[in-house]
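Participant: Take a look and give me a structure for this.
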Amino acid sequence: MKHLLKATLIGLALGLAIPAGAHAHDTQVAAEQTAQKTASFTIEKMTCAMCPITVRKAMEKVDGVLSVDTDYESKTATVVFDPSKADTDAIAAASTNAGYPATLTQGS
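Facilitator: Numbers count the residues shown, from 1 in each chain. Next up is the predicted model:
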């Protein structure tokens, strides 16, 4: 009987701890998502299929850049970044320094 009571109490304690931990994780994920910004850039001088790769790699080297999606057809780059570590000027400069001038077209 004591073992059953002990097992029940342990089960209840674990059952209550899991949602609290899950909630803390959800809050952390939400905070990280709100800390991210997305910016779109028009990229000049992209003339071949390798150009977007060069632009993407240059922009990804900026500390705080989380992802870069380049599009050769529209000559654009969409960048997700942490604004506490990177800004749009630094991201545009990275592309420009690689030989592909970038102009901010939209930022959030």
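Participant: domain assignment for this protein?
Facilitator: Annotated domains of the chain cover 1-34, 36-107 [automatic domain parsing].
Participant: what's the least confident stretch among those domains?
Facilitator: Among the domains of the chain, domain 1-34 carries the lowest mean pLDDT, a mean of 55.
Participant: tally of neighbours for residue 74?
Facilitator: 12 (other C-beta atoms under 10 Å). Glycine gets a C-beta too; all of them are placed from N, C-alpha and C.
Participant: and what of residue 80?
Facilitator: Using other C-beta under 10 Å, the number of residues around residue 80 comes to 14.
Participant: Quick check: it touching residue 36?
Facilitator: Yes. The pair residue 80 and residue 36 passes the contact test of C-beta atoms under 8 Å, sitting 5.6 Å apart.
Participant: any common contacting residues for those two?
Facilitator: When contacts are counted by C-beta atoms under 8 Å, 6 or more residues apart in numbering, residue 80 and residue 36 are jointly contacted by residue 66.
Participant: Just name whatever secondary elements the host helix or strand of residue 77 is in contact with.
Facilitator: Taking DSSP states H and E as the definition, one finds residue 77 inside strand 76-81. Counting by 3 or more C-beta pairs under 8 Å, 6 or more residues apart in numbering; DSSP states H and E, the packing neighbours recorded for strand 76-81 are strand 37-43, helix 51-60, strand 65-71, helix 88-97.
Participant: The second one - contacts with which helices or strands?
Facilitator: I take that to be helix 51-60. Identification of packing neighbours for helix 51-60 by 3+ C-beta pairs under 8 Å, 6+ apart yields strand 37-43, strand 65-71, strand 76-81, helix 88-97.
Participant: Save the ones you listed as CSV, and put in distance to residue 49 too.
Facilitator: Output for these, formatted as CSV (distance: least, C-beta to C-beta, whole Å):
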stretch, distance to residue 49
strand 37-43, 14
strand 65-71, 11
strand 76-81, 15
helix 88-97, 17
